[in-house]
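>>> Give me coordinates for this.
(2 chains)
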Amino acid sequence: MLKRKIEKFIENIPAIPKNVQQCAKFLEEGDLNKAAKNALKDPAFTHYLITLVNKPIFGFRDQITNIEQIFSILGIEKASQIVNAYYAKLILPKSWKVFGITNSDFQILQTSLIHNWNKILNHENQNSISIASVVSLLPASIVICENIFEENIDEVKLLKLHKNMSYDEILYKMSGYKLFDIFMIICKKWELNENSIRFVEYISKKNEDNTNFSKLTKYIHLLMFYELSKPKYIEAGLNDFIEFDVEFVSEVYEDFMQIVESR
Amino acid sequence: MRPVIKKNTAIFYPQGFLDGLNASIIIEPSDSGFVISKKPNAVFVSLKKIVFFNKKGLSILVDSLKIIQDKIHCAIGFCEYDDKKYKTILSMFDGDLEFSLFENLKVMSLFFDENSDGEKKILIYNEDADQKNQLAIELYEMGYKPYVAKNFGDFKEKEDEYIKYGIVVHYSYIANAEHRINIHIKNNMIFYILNNFIDSDIVKKFDTVYHNNLLRVGFKVFVFDVTNVSSMNIHGVNFLAKLSTAGAEYGTTFCMVGVNDKKLSPRLKNDLEDSGIVLYKNMEEFLSDEEIQKESLSGGKVPEKNKKLTKNIIAHLNTFVDTAIHITEMLSQKKGKKKSVKIDILKLDEKKEYFIVLFGVYKNIDATFSMIFSKKLLLETCKIFINNSSKKEELYDALSEYANIIASKIKSDFKLHKTDIETTLPRVFQDLTLAREFFGDTKGVCIELDFEGETLELFLSR
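Next comes the predicted model:
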């Protein structure tokens, strides 16, 4: 029953608009100009971009509305992160029932993750665009969770009163799927580049055998819970949508605190 | 954040970071109200998934826990941490805590699980000699015989053996336990462990709702263990005598163990005996009373006059059945349908293996709702609660959790229809002879449900 719901959800995932996909492709190739030109062809994406980059967290003094200017100020790394954030926007629900947030809260979570992830990548001298951009897509796993449990939320909440389980564990026990398995299927459907998909795979399995990815995987797991420990997200019931692995992140904890607490 | 309520404990499970900013969100007033309504014996915050905490965060949580403690006299504190976190908490609060610490859930269950297994091997060691003694005394009271390590060398010598075959209590701390009355269930009897002085305060400490639940689900023998009580006054005695008189309706027997002339005057002794409480000098004398032991094993039949089905029960049949189908479908991921409905007695085939759980419903509706599973369907339905094991103990626990969910859902469905009901704690029958005796010739509505070839039987009776 739940399996059918998951399959239906995956079937209904919208395709990425052609011009946005082209924009992502040019960013991967490092061509900001062509990327901006393609972005301009999609009015919904342009509107999203202008609204987002003018939020205080991006730190621009004056309002910027020129897309080419936005792309050149952001640079390839941040522009790619914003394109991925837009991908997640395509599957946002009209209203949230499982978690007590709004789409605007979701966007704030995405931008805060981007902000801190970039600090971590700078500290680690990591400049892979694929790894940088995954961070804004990760919260899509929350949207997946929202969609799958929306119909049965009362019963799932009852269940959670009797057993300490994350939504991810409940999903797995009931359907054999983990949230990240579904997330991965969607990433493939959206034709994300191979490097991004491999990184997502490492995040989902918390794989330790690749030294390049291993440390970053720990950082991103800790970063997720750094954000989800904020009062707003605890109140929204997001704190336990997946399980936090304290032991897994212990190696990077001290560095992490120094990085995120730095200005 | 809602806690997980299991057996007698409520545990909050925050993840990630715990500080002054988010601590007040972990236990909000609505969460406190929810916990208070459930009246657990212990309310704790797990630190298992916490990577960072500070004094401000813990203090805010302790304040919230104290509000709950003041209302329901439960134990409070933190659990599931390593030695590093334990030492940090002790130093943060200068070694003087107003809350308890239990290093893991196994240790915690020793103090709060009513179904204590006195034979469990337990090793206790704590650098603070007072704490070591306090932990040992409390466990003795709960019916265990722990080994208390003389010194660190002695502890290290025995630690491995106890890790393998028993439970090690090393980084735990017990706050003043005067707040609560310990309860445990042994050989189908309920033991209330009373301490210090029994006076009018007992009214506040005694959980009457929980006690009434135990009466309703058919327990026959209740024991007040007063071994560690120094004395009792008229107010305390009156309260216990009233419980005994009220229990007579259910055919229950109340006993008091550990009575002597020093703690009880002849007049008070008479009052207790007049109310029907049987007095024993010590546990040995009590355990050798064969009559009482035999009585505890009688299934706890519902009194004859209350056995008949009422129109009121039949009118609400669908709420019970629909909830059972809906929840079982969700948990087992199998489609369920009603196969047959008839009024009859519950027939249990002697050759079959059943897993039976029931709970009582009272207030605006007076009924008993039983669910009878085959092992296969139980495993499918409760897979979410069990860790790839089919140990009977774990299955019984899972069955109890399942019934708790059904009970909560039924309660909320009735509330929607403006019918106020309460439900008792579930009772799982581990012995089918007891179950047969319990149901006897009571007539009720038997509903057979089919979940893709597997049967779940429901039995709704008075």
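>>> can you count the residues close to residue 259?
All of this is about chain A. By the criterion of other CB atoms under 10 Å in any protein chain shown, residue A:259 has 18 neighbours. Bear in mind the C-beta positions are built from the backbone N, C-alpha and C, glycine included.
>>> actually it's chain B I care about, not the one you picked
Residue B:259: 23 surrounding residues under other CB under 10 Å.
>>> what residues are up against it?
Neighbouring residues of residue B:259 by CB atoms under 8 Å, 6 or more residues apart in numbering or on different chains: B:226, B:269, B:279, B:280, B:281.
>>> State the distance from the residue nearest to the third one when sequence neighbours are not counted to residue B:332.
Read it as residue B:279. Excluding the flanking residues, the one nearest residue B:279 by CB to CB, 6 or more residues apart in numbering or on different chains is residue B:259, at 4.6 Å. Here the criterion is CB to CB, to the nearest Å. By it, residue B:259 lies 51 Å from residue B:332.
>>> Same check on residue B:372?
With CB to CB as the criterion, residue B:372 and residue B:332 are 15 Å apart.
>>> What of residue B:289?
45 Å.
>>> Show the low-confidence segments of the stretch 301-450 of chain B, by residue range.
Where the stretch 301-450 of chain B drops to pLDDT under 70, the residues are B:301-308, B:388-390.
>>> which stretches of it form helices?
For the stretch 301-450 of chain B, the helices defined by DSSP state H, counting those that start in this stretch cover B:311-315, B:317-332, B:375-381, B:392-416, B:432-439.
>>> how about the strand or helix carrying residue A:118: buried residues?
Element membership of residue A:118, judged by DSSP states H and E, is helix A:103-123. For helix A:103-123, burial by neighbour count (16 or more other CB atoms under 10 Å in any protein chain shown) applies to A:105-111, A:113-121.
>>> likewise stretch A:248-257?
A:249, A:252, A:255, A:256.
>>> same check, this time on stretch B:251-258
Applying 16+ other CB under 10 Å to stretch B:251-258 flags B:252, B:253, B:254, B:255, B:256, B:257, B:258 as buried.
>>> One more: stretch A:57-76?
Buried residues in stretch A:57-76, counted by 16+ other CB under 10 Å: A:58, A:64, A:67, A:70, A:71, A:74, A:76.
>>> Could you single out the nearest of the residues you listed to chain B?
The closest of these to chain B turns out to be residue A:58 (CB to the nearest CB; 23.8 Å).
>>> Which helix or strand in chain A has the lowest average pLDDT?
helix A:194-205 (a mean of 86; mean pLDDT, DSSP states H and E).
>>> Counting by contacts, list what that one packs against.
Counting contacts by 3 or more CB pairs under 8 Å, 6 or more residues apart in numbering or on different chains; DSSP states H and E, helix A:194-205 is packed against helix A:129-137, helix A:179-189, helix A:211-228.
>>> run the last query once more with 10 Å
helix A:129-137, helix A:140-149, helix A:179-189, helix A:211-228 (3 or more CB pairs under 10 Å, 6 or more residues apart in numbering or on different chains; DSSP states H and E).
>>> If you count contacts, what does the lengthiest helix in chain A end up packed against?
Ranked by number of residues, the top helix in chain A under DSSP state H is helix A:67-89. Counting contacts by 3+ CB pairs under 10 Å, 6+ apart, helix A:67-89 is packed against helix A:18-29, helix A:32-40, helix A:43-53, helix A:103-123, helix A:129-137, helix A:140-149, helix A:179-189.
>>> Quick check, residue A:133 in contact with residue A:74.
No - counting by CB atoms under 10 Å, residue A:74 is not a contact partner of residue A:133; they are 11.9 Å apart.
>>> Residues that sit against both of the two, list them.
Common contact partners of residue A:133 and residue A:74 (CB atoms under 10 Å, 6 or more residues apart in numbering or on different chains): A:27, A:80, A:81, A:82.
>>> Of those, which is the most crowded?
residue A:27 (28 neighbours).
>>> show me the contacts for that residue.
A:34-36, A:38-39, A:71, A:74-77, A:79-84, A:129, A:133.
>>> can you do 6 Å?
Contacts for residue A:27 were tallied using CB atoms under 6 Å, 6 or more residues apart in numbering or on different chains; they are A:35, A:76, A:79, A:80.
>>> Switch the residues you listed over to CSV; also include pLDDT.
Listed next are these as CSV, based on pLDDT from 0 to 100:
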residue, pLDDT
A:35, 94
A:76, 92
A:79, 93
A:80, 93
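>>> how about the residues of the stretch 1-150 of chain B that lie near chain A?
Within the stretch 1-150 of chain B, the positions adjacent to chain A are B:2, B:4, B:5, B:13, B:15, B:16, B:17, B:21, B:22, B:25, B:49, B:51 by CB under 6 Å from any CB of the partner chain.
>>> Tell me how far the fourth one lies from residue B:48.
Put plainly, it is residue B:13. 7 Å.
>>> out of the two, which sits in the busier spot?
The residue with more neighbours, out of residue B:13 and residue B:48, is residue B:13; 24 against 18, by other CB under 10 Å.
>>> Phi first, then psi, for the more buried one.
The phi/psi pair for residue B:13 (degrees, to the nearest 10) reads phi -120, psi 70.
>>> same question for stretch B:59-74, mean pLDDT?
The pLDDT scores in stretch B:59-74 average 93.
>>> Just give the number of residues close to residue 163.
This is for chain A. Per other CB under 10 Å, the neighbour tally for residue A:163 reads 16.
>>> that's the wrong chain, I wanted chain B
Neighbours of residue B:163 (other CB under 10 Å): 11.
>>> So what touches the helix or strand hosting it?
Residue B:163 is located in helix B:152-165, with elements delineated by DSSP H and E. Under the contact criterion CB under 6 Å, 6+ apart, helix B:152-165 has outside partners B:121, B:123, B:125, B:149, B:168.
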